Every structure is written in C-alpha cells, then in structure tokens.
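S.K.: need a structure here:
(2 chains)
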Amino acid sequence: MLRLVSLLICLALPVMAQEGVVLGLSQNRVAITANFDGSEILVFGAVKREEAIPDGPPIEVIVTASGPKEPIVVRRKEKRFGIWVNTDSVTVDEAPSFYAVATSGPFNEIISSVEDLRHEISIRESIRSVGADMNIKDAQDFAEAVARIRENNGLYSLREGTVEVAEQTLFRTSIDMPANLTEGDYATRVFLLRDKQVVAAYETTIDVRKVGLERFLYNLSRQQPLIYGLLSIAIAIAAGWGASAFFRFVRQGS
Amino acid sequence: MQIYLPIAEVSVNAFLLLGLGGMVGVLSGMFGVGGGFLMTPLLFFIGIPPAVAVATEANQIVASSFSGVLAHFKRRTVDLKMGCVLLVGGLTGAALGVVIFNYLKSLGQVELLVQLCYVIFLGIIGSLMFIESLNALRRSSRNAAPVKRKNHTWVHGLPFKMRFRVSGLYISVIPPLLVGLLVGVLSAIMGVGGGFIMVPAMIYLLGMPTKVVIGTSLFQIIFVTAFTTLLHATTNYTVDMALAVLLLIGGVIGAQFGAVIGTRLKAEQLRILLAILVLVVCGKLAFDLLVMPSELFTLGAAGGH
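M.R.: The predicted model follows:
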C-alpha cells in the first residue's frame, strides 16, 4: 500500500512540474491621467506543457490582481446620546487597496480551502488581521467590513466563471480597474489548478502611476506643501479677480 | 467627463463639480454669503473625503471673497481697522481650529465634529434668520416702524477701547477679537468663511453700520481662509487644487448671475429663502446623525494621517 502511494506521488510530481504559465497582458502599466475613468486590462495566456494533456479533471484557472497592501483603521459606529458616533476601532494589518479575482468556475469547487489559505487567493484571505484587540467583541466583523465596503465600492470583486479556458491550454480574462484607483504596483497572479490543487503559479506586476499634471500636483503637495498651498491661494485670488474684472468688462461693453 | 482628483484620489464628473460650483455661486451671489456652508456638505454627499472637502472649500472661499471685496473697496465700505482686529482673532482661531481638527482626526472623530458643528450652527442661524425674516415680512406688510437698535449694551462696558472711524464706533477690542476667534475656529473645522456668523455678530453684537459689514467681513474672510488653506495644505496635505479650480470656476461665474437675480428680489423674501435653505441642509445632516447608518463601519488610513 505504502509503495503504491509513493509510486503515485512519484508519478504525480512530474505532472505538477510539467505545466507552466505563459502570460500576456494588454498593458503592464496604467497611467492615471486627469481624465482617468478606469481601465480594462486583458489578461491572456497559455498552459505550457511538454506532454499530452493529463487525464483527470480539466484544468482550472484563477487570475488575481491586487493593489498595494496597507494597514487600515476600521471604525464601528454605535448609538451614543442619541446619535451615531465612532466608538471601537481595529487596525487591520494588511488589506489591498484593490483586489480582483477572476476564476474559470465556482470558487469553492475549483480550489481547496487549504490552497486558498496558502496562496491567499480569496478576498477574505487577502485581508490580514491578526493584531485585533482582545477587548473588542466581534473583532472578526471588522475585517469582514473591509471586504464588504470595498466590494460595494467596486474595489474588491470576485467574478466566477469569467476566465475562458479553451482546449485546456489557452485562457483569457479581463480585469476591470475602477476610476478610484490608488497608485502602486499591482501584483497580478495566475494559478493553474487541477483537482482543487495549485499546479502552477505565475506572478507579474502592473504599474499604476499618476502621470502628467496629476503626478506634478501630488508630488508638489507632498514635497513642497508650503509652495503648493501658496500656489492654491494665488490661483484662487487670480480667479476671483479675473472673474470680477471680466464681468465688469462684459457689463460695460454691453 | 470624469476627472481624477489627485489629492482626494477619487474620480468625479467634472460637469457635476462645475454645476455644484455654479449653483452655490448663484446662491452666494443672491444672498451675499460665501456659500461654504452649502458647498462643504454637498461635497460630502458626492463622496469627497471630509478632510479634503473642508480644506479645499477654504481655498475656494478665498476666490469668491476676493472677487467680492474688490467691489466693496471701490465703494469704500471696508473698515480696515476693524477688519484687522477681527483678523488677529481669526488667524489665532484658525490655528487653534486646525490643531483641534488634527487631534480629532487622529481619534477618528473628525467627521462627527464637522457634522455636529454644521447641525448646531446651521440650526441656530437658520432658525433665527427664519423667525427674524418672518417678523420682518409681517412688519413690512403692516408698515410698522422698525425696531430701534439699542445704543448701549454690555459690549460698551469692556476695557481696551479703540476708535473705529469708518464704522463710527468707540468700543473695546475684546468682542471683535472673540468674534474673529470663533469664526477662525469654524473656518478651520467646517471649511466655511464664517460670514453667516460674523455678519449677524457685527450688526447685533458690535453695532456696526450695515453698509460696512459685508465688505469688512469679506476682508477678514480672505485672510483667514487663505491661512486655513495653508495650514491644511502643510499639515494634512488635503487641499485638492484640481477640485478647487473646478469649484471656483463654477462659483465665480455663478456668483455674478446670482448678484443680478438678487437685486430683483425683495430683501425679506431673500432672507426667508436663505433661512429655508440653511434649515434643509441642517436637517439632512441631522438626519444622517440620528438615523442608523446602513453601514456601521468606516475605513480610514492608519497611522493617524
């Protein structure tokens, strides 16, 4: 029996190593310009293998894209003195600013929870909250609130069945990036799965950056806040003066 | 056309912002108010983070006040000396306000503070204005003589007297300093010019002649809001120049049209309209505080920022 198992493992291992991912992106950088209103990135690829397609359940594909991870403070409101005020707060150690998961089938049917945990694939696993205060009841709710709020804002999404797989070899999907993106390196991962196990993974990054005027204003506001503030005031005064001068001219002219 | 705001980091429709600026501009031109108390809550409603809304609105008020004060300088209806006294109070108040604002921000209570301030002040001012203008309407229909203002109040008993020639006053500097201080704090916390508090205070508390009140308050507001903008820009990095420019383009154009409309309506009617408007905004904000929100949780950046 033991021999049979080890034989199976020996047979299985090469199979796992045999399949790899070849990936292409329609664009590997997203420029946030002044009139940026979201972007759709096409992700396409192929399963690279030396041998014939193995038997068994067909290959499944999961594609994820994740914005930069950062700690966030989650606050809960409670009714105090008749009005709703923030009371408890929990710092969630790490949550991506954006997270999109696209799968080729129903999530729970194509990946085991152990693999999900190991690779942090699902939305729930992408949010890490370990340092929750013991004094706060229902600390778990806070991490769930992050997922819920960001799903409602379109920042987190799980789209099942949106990865098209052809002939167990070619796959394609698209990632919708909303208009309210933040800057950073967006890790894009592709997982190939067989029998709920990850058989191959691939990672690349999409570079999301503010450009042009957006970049200039943002940098100026952080690096030279005094100049930025003075510039804002100067623009305001010029606009106020310009408008009243212009309208006086129009009124006198007519 | 969507536009991505570099500091607020949200994407909003540029025409919506121009329209909001224009609409508030028309109202501010009609009623002779800065419009900050309307614009800041409207910015909250369209999803601009409150900290950005407050700081950026202060910047926009600089533009609309500057446009207004030029006309008053030409008509010589600015009491510079009184303006400077108010300004000293105002700058101190603004600095204090920003400190309070930043402290509460680190506690996560800044939204509550801003909303509470709005509900309280809009509620008080709106109700007072409503009652006052109702009475005025009734008086004007009966043709009764207007109530005579008291010439001597407790204000005249305070020390450190100073002569304000343009206003024709000889009063202590303490009340104007305090009025300036209060307005400065409110400017920093609420993102308003504070004209809606300063104008009644100048008329009823300091007893200034009505014709110099608007010009003098605008003069003070320019400097206090400019200072507030600068403080928010350097400590919080929350002034969004793109947002401010769009709002003020709409605002300054709207204000010119508003001023024309305003001259065609009666003063009492104008005031009652403004009072109703103020109470509506107040009611909406109070409603949000009292009714259980659909989402009990809110997210904020970590690290006290």
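
S.K.: drop to CA atoms for contacts and neighbour counts, all remaining ones
M.R.: OK.

S.K.: chain B contacts on the stretch 51-200 of chain A?
M.R.: A:71-78, A:82-86, A:91, A:142, A:145-146, A:179-182 (CA under 8 Å from any CA of the partner chain).

S.K.: does B:Asn59 really touch A:Ser232, like I thought?
M.R.: Yes: with contact defined as CA atoms under 8 Å, B:Asn59 counts as touching A:Ser232 (6.9 Å).

S.K.: of those two, who's got more company?
M.R.: Counting neighbours by other CA atoms under 10 Å in any protein chain shown for B:Asn59 and for A:Ser232 shows that B:Asn59 has the greater number, 38 against 27.

S.K.: secondary structure class for A:Gln168?
M.R.: With DSSP: H, G, I helix; E, B strand; the rest coil as the basis, A:Gln168 sits in coil.

S.K.: and the helices in the stretch 51-200 of chain A?
M.R.: Assigned by DSSP state H, counting those that start in this stretch, the stretch 51-200 of chain A shows helices spanning A:107-110, A:113-119, A:123-126, A:139-152.

S.K.: what's in contact with the first one?
M.R.: Going back to what we said before, that points to helix A:107-110. A:Glu60, A:Glu160, A:Leu193, A:Arg194, A:Asp195, A:Lys196 (CA atoms under 8 Å, 6 or more residues apart in numbering or on different chains).

S.K.: repeat the analysis, applying 7 Å as the threshold.
M.R.: The contact list for helix A:107-110, computed with CA atoms under 7 Å, 6 or more residues apart in numbering or on different chains, reads A:Glu60, A:Glu160, A:Lys196.

S.K.: burial measure for the nearest residue to the last one once chain neighbours are set aside, as a count.
M.R.: Okay, so that is A:Lys196. Excluding its sequence neighbours, the residue lying closest to A:Lys196 (CA to CA, 6 or more residues apart in numbering or on different chains) is A:Ile111, at 3.9 Å. Applying other CA under 10 Å, we find 22 residues neighbouring A:Ile111.

S.K.: what is the neighbour count of the closest residue to A:Gly105 other than its chain neighbours?
M.R.: Excluding the flanking residues, the one nearest A:Gly105 by CA to CA, 6+ apart is A:Gly161, at 4.4 Å. By other CA under 10 Å, 17 other residues sit near A:Gly161.

S.K.: gap between A:Arg29 and A:Glu183?
M.R.: Distance from A:Arg29 to A:Glu183, counting by CA to CA, to the nearest Å: 11 Å.

S.K.: doesn't B:Val33 fall inside a strand?
M.R.: No: when three-state DSSP is applied, B:Val33 is found to be coil, with no strand at that position.

S.K.: could you list the low-pLDDT ranges of chain B?
M.R.: Applying pLDDT under 70 to chain B flags residues B:32, B:34, B:140-159, B:267, B:301-305.

S.K.: show me which residues of it are close to chain A?
M.R.: Residues of chain B that fall close to chain A, judged by CA under 7 Å from any CA of the partner chain: B:2-4, B:6-7, B:9-11, B:59-60, B:62-64, B:66-67, B:109, B:112, B:226, B:229-230, B:233-234, B:237, B:241, B:252-253, B:289-290, B:292, B:296-302.

S.K.: what about the strands in chain A?
M.R.: With DSSP state E, the ranges of strands along chain A come out as A:20-25, A:29-32, A:39-48, A:60-66, A:69-80, A:83-96, A:99-103, A:156-159, A:164-166, A:170-177, A:184-194, A:197-210.

S.K.: what residue ranges in the stretch 151-254 of chain A score low on pLDDT?
M.R.: For the stretch 151-254 of chain A, the ranges with pLDDT under 70 are A:253-254.

S.K.: any chance of JSON lines for the contacts of helix A:107-110, columns neighbour count?
M.R.: Listed next are the contacts of helix A:107-110 as JSON lines, based on neighbours: other CA atoms under 10 Å in any protein chain shown:
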{"residue": "A:Glu60", "neighbour count": "26"}
{"residue": "A:Glu160", "neighbour count": "15"}
{"residue": "A:Lys196", "neighbour count": "20"}
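
S.K.: quick one on the thing from earlier: wait, isn't the residue nearest to A:Lys196 in contact with A:Val199?
M.R.: No: applying CA atoms under 7 Å, one finds A:Ile111 not in contact with A:Val199, separated by 10.9 Å.

S.K.: partner residues bridging the nearest residue to B:Leu290 once chain neighbours are set aside?
M.R.: Using CA to CA, 6+ apart and skipping the chain neighbours, the partner closest in space to B:Leu290 is A:Ile83 (4.9 Å). In this entry, A:Ile83 is beta-bridged to A:Arg80, by DSSP bridges.

S.K.: thinking A:Ile83 is in contact with B:Leu289, fair?
M.R.: Yes: shown here, A:Ile83 and B:Leu289 form a contact pair, counting by CA under 7 Å, at 5.3 Å.

S.K.: touching chain B at all, the longest helix along chain A?
M.R.: Ranked by residue count and defined by DSSP state H, the top helix of chain A is helix A:225-253. Yes: applying CA under 7 Å from any CA, one finds helix A:225-253 touching chain B at A:225-226, A:229-230, A:232-233, A:236-237, A:239-241, A:243-244.

S.K.: redo those as TSV? Include distance to B:Leu169.
M.R.: Shown next, in TSV, are those (distance: CA to CA, whole Å):
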residue	distance to B:Leu169
A:Pro225	41
A:Leu226	38
A:Gly229	36
A:Leu230	35
A:Ser232	36
A:Ile233	33
A:Ala236	33
A:Ile237	31
A:Ala239	35
A:Gly240	31
A:Trp241	31
A:Ala243	34
A:Ser244	31
